[in-house]
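> here are the coordinates; sequence isn't available:
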């Protein structure tokens, strides 16, 4: 299974949290990352997006064809998101557009079996891959990139 974690791009501060929109910089970050991803993800990638407006806008830079998943809302636990995406049982690529600190917690759990968190910058992508090797599962980091590196 391939799991791509995409943190929403830069958003305005304010309340209510679920209605925060991307800034102009955030729109540019999302567009850059969308161009990068479009050239690399399989056409049948399953795209799951938090219901927060900033994640919806980030995903829309890539495609209009995604599924809004309430389980990905701010405050969700790493395990709740992994359950929602079907990790590690699906034999496909899943792209999750979500929030910190949960995306960083997922990366730490899958890569280091840690309850800590990695820092996932705004608009950044972490691409994880899980493979079977000699009867054991291995999770590898294929890519970690922020929009300012593109």
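On my side now, so go ahead. It should be emphasised that the depicted structure is a prediction, and the values quoted were computed from it without experimental measurement.
> rest of the way, CA atoms for contacts and neighbours
OK.
> quick one: residue 51 and residue 76 touch, right?
No - using C-alpha atoms under 8 Å as the test, residue 51 is too far from residue 76 to be in contact (11.8 Å).
> From residue 134, how far off is residue 61?
For residue 61, the distance to residue 134 equals 40 Å [C-alpha to C-alpha, to the nearest Å].
> neighbours around the residue nearest to residue 45 when sequence neighbours are not counted, how many?
Distances taken as C-alpha to C-alpha, 6 or more residues apart in numbering place residue 93 nearest to residue 45, at 5.0 Å, with adjacent residues excluded. Residue 93 has 21 neighbouring residues, counting by other C-alpha atoms under 10 Å.
> do the same with residue 64
So residue 64, with other C-alpha under 10 Å, has 10 neighbours.
> Contacts for the helix-or-strand element of the chain with minimal mean pLDDT, please.
In the chain, the helix or strand scored least confidently by mean pLDDT, DSSP states H and E is strand 125-133, which has a mean of 89. Here strand 125-133 makes contact (C-alpha atoms under 8 Å, 6 or more residues apart in numbering) with 1-7, 33, 88, 107, 120, 137-146.
> now, which of those lie within helices?
33, 107 (DSSP state H).
> Report the buried members of the contacts of strand 125-133.
Neighbour counting with 16 or more other C-alpha atoms under 10 Å marks 1-7, 33, 88, 107, 120, 139, 145-146 as buried within these.
> possible to save those as CSV with pLDDT?
Conversion of the buried ones among the contacts of strand 125-133 to CSV gives the following (pLDDT from 0 to 100):
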residue, pLDDT
1, 92
2, 96
3, 97
4, 98
5, 98
6, 98
7, 98
33, 98
88, 87
107, 98
120, 98
139, 93
145, 98
146, 97
